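**Student:** could you work out the structure for the sequence below:
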Amino acid sequence: MNHCFKISIAPVLLATLLTACGRNETQTVSAASVVNSDALEVTAEQMKSLRTASATIQTIPSTEEATGKVAFNEDAITPVYSPYTGRVVELLAKPGDSIAKGARLLIIDSPEVVDAENNLLSGRAALG
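**Tutor:** Residues are numbered from 1 along each chain as shown. I've put the predicted structure just below:
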């Protein structure tokens, strides 16, 4: 999932001033120094420890981790069975393709079909 966050510079500056860039001394900002919600007055000493940048809208990628099992929705799939056993030689349809009734989905190399074809050819040869 991607989330867009609008970053405002005033809260970032205020947080930086209040934490004093990791110093042990405590600094407070008086209510008089905050003119409005969009502006903040800083002293020259405080300005030395600040870095400013323009606020931008950025896309921040989010990765979610979870444990579980991936499975098919049994209610949304249609099982397809072949009347013959064998090895699939070629897939003619891909997942997500629209399929018309009677369309070929795959090619199977089936020993049953080979045996049936051989019997047919033997029978035709015997009839002459």
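
**Student:** what domains does the record give for this structure?
**Tutor:** Listed domain ranges for the chain are 2-61, 80-127 (source: automatic domain parsing).

**Student:** straight-line length of the shortest one, end to end?
**Tutor:** Meaning domain 80-127. 38 Å (Cα to Cα, to the nearest Å).

**Student:** for this protein, which spans come out with low pLDDT?
**Tutor:** Along the chain, segments meeting pLDDT under 70 span 1-37.

**Student:** and with 90 instead?
**Tutor:** 1-55, 58-66, 69-88, 94-99, 101-102, 105-117, 127-128 (pLDDT under 90).

**Student:** and the top helix by length along it, what's buried?
**Tutor:** The residue-count maximum for a helix in the chain (DSSP state H) belongs to helix 111-127. Buried positions in helix 111-127, judged by neighbour count with 16 or more other Cβ atoms under 10 Å: none. To be clear about C-beta, it is placed using only N, CA and C from the backbone, and glycine gets the same treatment.

**Student:** who's in contact with it?
**Tutor:** Y84, T85, G86 (Cβ atoms under 8 Å, 6 or more residues apart in numbering).
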